[in-house]
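J.: got a sequence here, can you build the structure:
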Amino acid sequence: MNDGVNGVALAVFILFFALVTVLGFLAARWRRAENEHSLDEWGLGGRSFGTWVTWFLLGGDLYTAYTFVAVPAAIYAAGASGFFAVPYTILVYPLIFTFLPRLWSVSHRHGYVTTSDFVRGRFGSKGLSLAVAVTGILATMPYIALQLVGIQAVLDVMGLGGGENTHWFVKDLPLLLAFGVLAAYTYSSGLRAPALIAFVKDTLIYLVIAVAIIYIPIRLGGFDEIFSAANDKFTAAGSGGLVPGGTSQWTYATLALGSALALFMYPHSITATLSSRSREVIRRNTTILPLYSLMLGLLGLLGFMAVAAGIKVKNGQLAIPQLFETMFPDWFAGVAFAAIGIGALVPAAIMSIAAANLFTRNIYKDFIRPDATPREETRVSKLVSLLVKVGALIFVLGMDKTVAINFQLLGGIWILQTFPALVGGLFTRWFHRWALLGGWAVGMAYGTVAAYGVASPTQKHFGGSAKEIPGIGEIGYLGLTAFVLNVAVTVVLTVVLRAVKAPDGVDETRPEDYTADAGDPGVVVETPPATADSAR
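T.: Sure, this is the predicted structure:
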């Protein structure tokens, strides 16, 4: 690692950072609406984005700086098991093809801004809506923090991290400045800022990966040499070479499946989805988003390249930035660092907006100020988006980075527990609202307690997200185990509650809402309580 500042790389990084900063503020004038004081405009970009804007926005949303850093870092540290991210992104697209268009349609017809809006409208339950909202906010906070970790990793490699004796303010000043810029243009432009910046971000990432996958193997003697060096390392470490042994297959498979189920439960994924202008835009995006999975597979190979290049770092998150600095000319290393840095800004902005919308619509408006005007909702959401980012910044600066990573893993376990209420509600109303709340509570409690009991070499608690599956005896993903328990409890309680004729909430949706497209006539929300499957 550089003992001093890499001036050329830093200059290129600053150039691109300045470019996206200007774009972030100019985005406020992009597709400006007549009424800017509503969450539809600030928080969803006016629900006006077409196929390509949505594609870049979803890509910028899902493929973050942490993805750029953590996926190859996992492969650098553990071998091919780190590739679990590739099959789960392949699994997720057929899954979302079945339910995202339905969610877009019903949200468009009723003006829903968040998943909790839909849950409240579908099941007539503010309690269940609150549970989904709180879960979304809790799961999003560490995710935002990890974007700042990605920026910090790049700054450290460029020589801006300082030494052990550097004053904390001087050491963290570059990160504080990046945070300030992010907060300012998000507050000003809302979702339009990350949507516009996503074009730059994804173009840079594709460029860097395309160059890396050709240039670095040439310098290292080809892929044969790369895989041979990686195999030697993992064999010497006792992990059986590049491909882990059979004992880890359950962990790999359950982690991939559980992650696929959880990915589009995150509030930021839904926020990007609802910003599109039509149902057909969503359907088209589920067919072209797999291009990002191809990119992810190539990105993962950088982990093996870091091994072959002899990269030695104490913090695995620095492996790929260090690989870029070692292998690339300084100017192109700056381009690569900019790709990672901007790759943090886009998702961090969307995540903070999504979390703020959840608070505003499903906590503030539902429980504190039911008569809040659209202007007041927008103002509150802007302020909360700032507070969310401040909280993430404090988390990053005040805690060990390993803790941030493990809390993000815990967030994945939590957000998966909202799947029955959201996806189940899109296809059937058979589940009882109280049963869904009970299943959610059991899944959350089991997942949290089980994760607390997982130790690692560096942590006594919350040291990972895999544990023995009860009744099977194999090591598997905790989130999926908690999800299965959640569904089982929900089904049993639903049978019991329906047998005793426990009251349903009022379903404000109609069957035709789930297939409506832009331009179709709207609905008046005055429907009577539903007692049958109203989304059949």
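J.: can you tell me the element Lys467 falls in?
T.: Assigned by DSSP states H and E, Lys467 falls within strand 466-468.
J.: what about that strand, average pLDDT?
T.: Strand 466-468 shows a mean pLDDT of 88.
J.: other residues contacting that strand?
T.: Strand 466-468 is contacted by residues 251, 254-255, 450-451, 453-454, 474-478, 481 when judged by C-beta atoms under 8 Å, 6 or more residues apart in numbering. From N, CA and C alone the C-beta is placed, and that goes for glycine too.
J.: so where's the stretch 401-536 of the chain uncertain?
T.: 401-404, 519-536 (pLDDT under 70).
J.: Val454 belongs to a strand, doesn't it?
T.: No: under DSSP: H, G, I helix; E, B strand; the rest coil, Val454 falls outside any strand and is assigned coil.
J.: can you give me the buried ones in the lengthiest helix in the chain?
T.: When the chain is parsed with DSSP state H, its longest helix is helix 126-157. Buried residues in helix 126-157, counting neighbours by 16 or more other C-beta atoms under 10 Å, are found at 126, 128-157.
J.: low-confidence ranges, the protein, go.
T.: When residues are selected by pLDDT under 70, those of the chain lie in 1-3, 31-36, 161-171, 238-241, 244-247, 399-404, 519-536.
J.: residues making contact with stretch 182-189?
T.: Applying C-beta under 8 Å, 6+ apart, the contact partners of stretch 182-189 are 21, 24-25, 27-28, 30, 193-194, 345, 348-349, 352-353, 382, 385-386, 389-390.
J.: swap in stretch 70-80?
T.: By C-beta under 8 Å, 6+ apart, stretch 70-80 touches 81-83, 85, 146, 230, 234, 239, 241-244, 296, 299-304, 306-307, 311, 316-317, 319-320, 405.
J.: those strands in this structure, which residues are they?
T.: Using DSSP state E, the strands of the chain run over 466-468, 475-477.
J.: pairing partners for the last one, with directions?
T.: Which is strand 475-477. Strands that pair with strand 475-477, judged by DSSP bridges, come out as strand 466-468 (antiparallel).
J.: how far is the strand it pairs with from where the chain is centred?
T.: Chain-centre distance of strand 466-468: 23 Å, with C-alpha atoms, centre = their mean, to the nearest Å.
J.: buried sites along it?
T.: Buried residues in strand 466-468, counted by 16+ other C-beta under 10 Å: Ala466, Lys467.
J.: mind listing the helices for the stretch 101-250 of the chain?
T.: With helices called from DSSP state H, counting those that start in this stretch, the stretch 101-250 of the chain shows them at 115-123, 126-157, 168-189, 192-220, 223-236, 249-263.
J.: returning to what we had before: by how many degrees do the longest helix of the chain and helix 115-123 diverge?
T.: With axes from the mean of the first three to the mean of the last three C-alpha atoms, to 10 degrees as the basis, helix 126-157 and helix 115-123 are set at 160 degrees to each other.
J.: just to revisit the earlier point, dump the strands of the chain to a markdown table, plus distance to Leu274.
T.: Shown next, in a markdown table, are the strands of the chain (distance: least, C-beta to C-beta, whole Å):
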| stretch | distance to Leu274 |
| --- | --- |
| strand 466-468 | 33 |
| strand 475-477 | 28 |
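J.: can you check which of those gets nearest to Thr428?
T.: Nearest to Thr428 among those is strand 475-477; the distance by C-beta to C-beta comes to 25.9 Å.
J.: contacts for the closest one, please.
T.: By C-beta under 8 Å, 6+ apart, the list of residues contacting strand 475-477 from outside reads 247-248, 250-251, 253-255, 257-259, 465-469.
J.: what about Ala455, how many neighbours?
T.: Neighbours of Ala455 under the rule other C-beta atoms under 10 Å: 12.
J.: coming back round to it: out of the contacts of strand 475-477, which is nearest to Arg219?
T.: Using C-beta to C-beta, Ser248 is the member of those that lies nearest Arg219, at 31.6 Å.
J.: now do the contacts for the residue nearest to that closest one when sequence neighbours are not counted.
T.: Once flanking residues are discounted, Ser248 sits nearest to Ser81: 5.9 Å by C-beta to C-beta, 6 or more residues apart in numbering. Going by C-beta under 8 Å, 6+ apart, Ser81 touches Ala74, Pro244, Ser248, Thr251, Tyr252.
J.: now those as TSV including neighbour count and distance to Gly46?
T.: Output for those, formatted as TSV (neighbours: other C-beta atoms under 10 Å; distance: C-beta to C-beta, whole Å):
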residue	neighbour count	distance to Gly46
Ala74	19	38
Pro244	18	47
Ser248	21	46
Thr251	21	43
Tyr252	19	42
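J.: coming back round to it: from the contacts of strand 466-468, which would you call buried?
T.: Thr251, Thr254, Leu255, Ala450, Ala451, Val454, Ile475, Gly476, Tyr477, Leu478, Thr481.
J.: is it correct that the fifth one is in contact with Thr481?
T.: Meaning Ala451. No: using C-beta atoms under 8 Å, Ala451 makes no contact with Thr481, being 10.7 Å away.
J.: count of residues packed around Met265?
T.: 23.
J.: next, Val500: phi, psi?
T.: The phi and psi values for Val500, taken as degrees, to the nearest 10, are phi -90, psi 10.
J.: contact partners for the residue nearest in space to the middle of the chain?
T.: Geometric centre of the chain, nearest residue: Leu62, 5.3 Å, by C-alpha atoms, centre = their mean. With contact set as C-beta under 8 Å, 6+ apart, Leu62 has these partners: Thr89, Leu263, Ser269, Tyr292, Pro347.
J.: at 10 Å instead, please
T.: 89, 92, 263-264, 266, 268-269, 272, 289, 292, 296, 347, 350 (C-beta atoms under 10 Å, 6 or more residues apart in numbering).
J.: how much space separates Leu318 from Trp30?
T.: According to C-beta to C-beta, to the nearest Å, Leu318 and Trp30 sit 36 Å apart.
J.: of the two, give the one with the bigger neighbour count.
T.: When neighbours are counted by other C-beta under 10 Å, Leu318 and Trp30 differ, and Leu318 comes out ahead with 22 against 14.
J.: which residues touch that one?
T.: By C-beta under 10 Å, 6+ apart, the residues touching Leu318 are Met1, Val69, Ala73, Gln152, Ala153, Val154, Asp156, Val157, Gly161, Ala306, Ile311, Glu325.
J.: tell me the one among these nearest to Ala339.
T.: Distance to Ala339 across the contacts of Leu318 (C-beta to C-beta) is lowest for Val154, with 9.4 Å.
J.: gap between that closest one and Ala338?
T.: According to C-beta to C-beta, Val154 stands 8 Å off from Ala338.
J.: mind listing the shared neighbours of those two?
T.: Here Val154 and Ala338 share the contacting residues Ala9, Phe13, scored by C-beta under 10 Å, 6+ apart.
J.: neighbours around the residue lying closest to Tyr76 once chain neighbours are set aside, how many?
T.: Once flanking residues are discounted, Tyr76 sits nearest to Gly303: 3.9 Å by C-beta to C-beta, 6+ apart. Gly303 has 27 neighbours, counted by other C-beta under 10 Å.
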